[in-house]
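J.: Take this sequence and fold it.
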Amino acid sequence: MSESAPADRPSNAPAPRPRHWLWPTFAVLFAAVGVMTSNGADPDLWGHYQYGKEALRDGELATTTTWSYAVEGHPWVNHENLAEIATAWTADRFGIPGLTIGKLLLAIVIFGCAIWSCRRRGAGWATIGLVAILAADNIRFHWQFRPHAWTYAYFAVMVLILGEAFAGWQGVARRWREMFSLQSVDPDPPSLPRLRLLWLLPPLMFAWTNTHGGFAAGLAIACSYLGMRMLQGWNWWGRASIPRQLRIGMMIAATILASLMNPYGPGLHLWMLDTLGAAPPEIGDWAPLPIWTRQATGFWLLIAVVGFSLLRTSRRRDPVQLCLLALTLWQGLSHCRHICFFAIFCAFWMPAHLQSAIEPIRNSWRATLQGREPSPVIRRVLGGVFVLWLGMLALRLGPQLSTIPVERSEYPVSAMQFLRQHDLRGRTMVTFNWAQYAIACFAQDSTDEPSRVAIDGRLNTCYPRPVLDIYLDFLLGEPQPGARLRARDSAPYDPTRALTYQEPDLFLLDRGQQPAIRTIMASPEWVLLYQDSLAQVWGRRDRYDDPASPDYFPPQRRSIGEMPQVGAVAWPAFPKSPRAAVVASRP
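T.: Purely as a prediction, here's the structure:
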């Protein structure tokens, strides 16, 4: 190469003393993690806990659909096994603090890797902190108690490995006709021995594949990165690069093979290809990024920083990095869950360019001030403002590490208590976002035949699409173009089919889902048993409204009103059993 990468620091320079890097590292980490951290209960958290708990109890993974009355024996391709086992193990041993601190540690991994990489490339603390905070703001909306958090941590580790393995791979491109000669521009770049770091990719991909389906994005990005580095090597060294190309190609093959080491083998990859080819638009994470909303302010600020940095930098712009930034930005705009990959790339790659871009501005200010440094008063004021902001983050972060609130205005806490109190059980069709909460509650019953739901957030990992369409037709109403993705082999649209399919006993519905409410109200076969400001419980009329039925539920036991659902209870928000309430009331 005609120009090697700048050294991280001179070989004869003394190592920085801990106090020179410890406090800035803590400040940047604390700021980024504080911006990103939230502790709200995710609709899928109960399911991840329950499925992981069952895997630990049984000593094996379930292979077919569980907890559903609508589907039996259908294959279950669970791409979140390790994450669910870790969730259950942590929650049972360390409780809520274990879950919150565990998620906090994953955030520290992400930004710890980014800080390490940026400091190795000469970025200043201020630029690292600014980009990290903006990246954290873009990750925040997807930073829930879900296996996705593991994916983002694995992704950050992968970016660090690739960056360290290919440090210094910037140079002047050769003419295309020279690329087929045996002569090499630089046969021995200093960074070549670093390629052995790529051996860390296969074990990382093995763990990632068995933790969360986001490995597919990571595998695609890793193969794209390595493939473009192979082209770059050919551009620099021509045919003399073949041994190096073989080495990189071998690592691509090893990483792909590592991803095949999962309970489903290549079947997982084939299933994901089939699924990703038809992302369900009714799921918010797969929707386009809402860039013209107030919530997108952080996205536009990050884009502004990226544009300014790349336009004004005096450093060489790595074409591989530019391609991957463009790829993840495009995917993030198409499917909002992918914007996190773009944000993490920015946290790794932009601070060094931003540092270079602002250097002329800073030098101009220094020349204007004739070398005078800011007065001690100004420094104290700025330092005080920063410390005050960190203090406010600490006040916000502290309570989030001790509890996971379950908002009564979002989850049917009171309705679940009603079902438990009156021992109402059976085949219960539950609103989609509440189904896994219901599953975890039903699992607390000591009966041999606990209640089961129709469908839940596992979607097509364990439910055939025609069955999903039966219930989505009922819950969401008539599908509109672009808003729903019905299977070709699904029956014609009929929202009433959910009322009879596999003979349900109960319905637990969100009153905000008006298509479902209108459909069940129009049916004479169902009777309202419970209502508050959030939820309704309906039962089969021939079972619960017929005095001759052994399960007759008289009107005086029903609870129908507009009781406001306010406040929150601590996760897991399981209902109390009637027997426990009686025992607790005894002297």
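
J.: most centrally placed residue in the chain?
T.: His148 (2.8 Å; Cα atoms, centre = their mean).

J.: and the longest helix for this structure?
T.: Counting by DSSP state H, the longest helix found in the chain is helix 81-120.

J.: If we go by neighbour counts, what in that helix is buried?
T.: The neighbour-count check on helix 81-120 (16 or more other Cβ atoms under 10 Å) flags 81-91, 96, 98-100, 102-104, 106-115, 117-120 as buried. Where you see a C-beta, it was placed from the backbone N, CA and C, and this is true even at glycine.

J.: cool, stretch 65-83 as well?
T.: Neighbour-count burial for stretch 65-83 [16+ other Cβ under 10 Å]: 65-71, 76-83.

J.: now swap in stretch 454-464 and tell me
T.: Neighbour-count burial for stretch 454-464, counted by 16+ other Cβ under 10 Å, picks out 454-464.

J.: same deal with stretch 394-404?
T.: Across stretch 394-404, burial judged by 16+ other Cβ under 10 Å covers 397, 400-401, 404.

J.: just curious, which of the buried residues of stretch 454-464 is nearest to Gly129?
T.: Closest approach between those and Gly129, by Cβ to Cβ: Gly457, at 36.1 Å.

J.: so the closest one makes contact with Gly47?
T.: Yes - look at Gly457 against Gly47 with Cβ atoms under 8 Å: they come within range, at 6.1 Å.

J.: Find the residues that touch each one of the two.
T.: Counting by Cβ atoms under 8 Å, 6 or more residues apart in numbering, the shared contacts of Gly457 and Gly47 are Gln436.

J.: all strands for the stretch 301-450 of the chain, in order.
T.: With DSSP state E, counting those that start in this stretch as the criterion, the stretch 301-450 of the chain has strands at 405-407, 428-430.

J.: Point out the most buried one among those strands.
T.: Mean neighbour counts were compared across the strands of the stretch 301-450 of the chain using mean count of other Cβ atoms under 10 Å; the top stretch is strand 428-430, at a mean of 27.

J.: Please tell me I have it right and Thr447 contacts Arg425.
T.: Yes - when contacts are counted by Cβ under 8 Å, Thr447 is listed as touching Arg425 (7.1 Å).

J.: Looking only at neighbour counts, state which of those two leads.
T.: The neighbour count for Thr447 versus Arg425, taken as other Cβ atoms under 10 Å, is higher for Arg425 (18 against 9).

J.: Who are the contact partners of that one?
T.: For Arg425, the contacting residues are 419, 442, 445, 447, 449-451, 505-506, by Cβ under 8 Å, 6+ apart.

J.: With distance to Gly238 and pLDDT added, can I get those in a markdown table?
T.: Putting the contacts of Arg425 into a markdown table (distance: Cβ to Cβ, whole Å; pLDDT from 0 to 100) gives the following:
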| residue | distance to Gly238 | pLDDT |
| --- | --- | --- |
| Leu419 | 72 | 97 |
| Phe442 | 65 | 96 |
| Asp445 | 70 | 88 |
| Thr447 | 73 | 81 |
| Glu449 | 71 | 89 |
| Pro450 | 67 | 93 |
| Ser451 | 68 | 96 |
| Asp505 | 72 | 97 |
| Leu506 | 71 | 98 |
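
J.: what helix or strand is Thr127 on?
T.: For Thr127, the element it lies in under DSSP states H and E is helix 125-139.

J.: can you list the weak-confidence ranges in the stretch 201-350 of the chain?
T.: Residues of the stretch 201-350 of the chain meeting the criterion pLDDT under 70: 277-282, 284.

J.: ranges for the helices of it?
T.: Here the stretch 201-350 of the chain has its helices, by DSSP state H, counting those that start in this stretch, at 201-209, 215-237, 242-259, 266-276, 297-312, 319-334, 339-368.

J.: Now tabulate these in JSON lines and tack on distance to Arg541 and mean neighbour count.
T.: Below are those laid out as JSON lines (distance: least, Cβ to Cβ, whole Å; neighbours: other Cβ atoms under 10 Å):
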{"stretch": "helix 201-209", "distance to Arg541": "49", "mean neighbour count": "21"}
{"stretch": "helix 215-237", "distance to Arg541": "47", "mean neighbour count": "20"}
{"stretch": "helix 242-259", "distance to Arg541": "52", "mean neighbour count": "16"}
{"stretch": "helix 266-276", "distance to Arg541": "39", "mean neighbour count": "14"}
{"stretch": "helix 297-312", "distance to Arg541": "51", "mean neighbour count": "17"}
{"stretch": "helix 319-334", "distance to Arg541": "46", "mean neighbour count": "17"}
{"stretch": "helix 339-368", "distance to Arg541": "48", "mean neighbour count": "20"}
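
J.: and of these, who's closest to Gln513?
T.: Of all those, helix 266-276 sits nearest to Gln513, with 24.8 Å by Cβ to Cβ.

J.: Tell me which other helices or strands the closest one touches.
T.: Under the contact criterion of 3 or more Cβ pairs under 8 Å, 6 or more residues apart in numbering; DSSP states H and E, helix 266-276 touches helix 215-237.

J.: and the helix it packs on, C-alpha only, in CSV?
T.: Taking C-alpha atoms only, helix 215-237 is exported to CSV below (Å, rounded to 0.1, in the frame of the first residue of the first chain):
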residue,chain,number,x,y,z
PHE,A,215,-27.8,-13.8,13.8
ALA,A,216,-29.0,-13.8,10.2
ALA,A,217,-28.4,-10.0,9.9
GLY,A,218,-25.0,-10.5,11.6
LEU,A,219,-24.0,-13.3,9.3
ALA,A,220,-25.0,-11.3,6.2
ILE,A,221,-23.1,-8.3,7.4
ALA,A,222,-20.0,-10.3,8.3
CYS,A,223,-19.9,-12.1,4.9
SER,A,224,-20.4,-8.8,3.1
TYR,A,225,-17.6,-7.2,5.1
LEU,A,226,-15.2,-10.0,4.5
GLY,A,227,-16.2,-10.3,0.8
MET,A,228,-15.5,-6.6,0.3
ARG,A,229,-12.2,-6.9,2.1
MET,A,230,-11.3,-9.7,-0.3
LEU,A,231,-12.0,-7.4,-3.2
GLN,A,232,-10.0,-4.7,-1.5
GLY,A,233,-7.1,-7.1,-1.1
TRP,A,234,-7.2,-8.0,-4.8
ASN,A,235,-7.3,-4.4,-5.7
TRP,A,236,-4.0,-3.8,-3.7
TRP,A,237,-2.1,-7.0,-4.3
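
J.: just checking, what packs against that helix?
T.: Using 3+ Cβ pairs under 8 Å, 6+ apart, helix 215-237 is in contact with helix 148-165, helix 201-209, helix 242-259, helix 266-276, helix 319-334.

J.: Go through those and name the closest to Pro575.
T.: helix 148-165 (28.0 Å).

J.: Grab the CA positions of the closest one and hand them over as CSV.
T.: Provided in CSV are the C-alpha atoms of helix 148-165 (Å, rounded to 0.1, in the frame of the first residue of the first chain):
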residue,chain,number,x,y,z
HIS,A,148,-32.8,-8.5,20.5
ALA,A,149,-30.6,-7.0,23.2
TRP,A,150,-28.3,-10.0,22.9
THR,A,151,-28.2,-9.5,19.1
TYR,A,152,-27.0,-5.9,19.5
ALA,A,153,-24.3,-6.9,22.0
TYR,A,154,-23.1,-9.7,19.7
PHE,A,155,-23.1,-7.3,16.8
ALA,A,156,-20.9,-4.8,18.7
VAL,A,157,-18.4,-7.5,19.5
MET,A,158,-18.4,-8.6,15.9
VAL,A,159,-17.7,-5.1,14.7
LEU,A,160,-14.8,-4.8,17.2
ILE,A,161,-13.3,-8.1,16.0
LEU,A,162,-13.5,-7.1,12.3
GLY,A,163,-12.2,-3.6,13.0
GLU,A,164,-9.2,-5.0,14.9
ALA,A,165,-8.5,-7.7,12.3
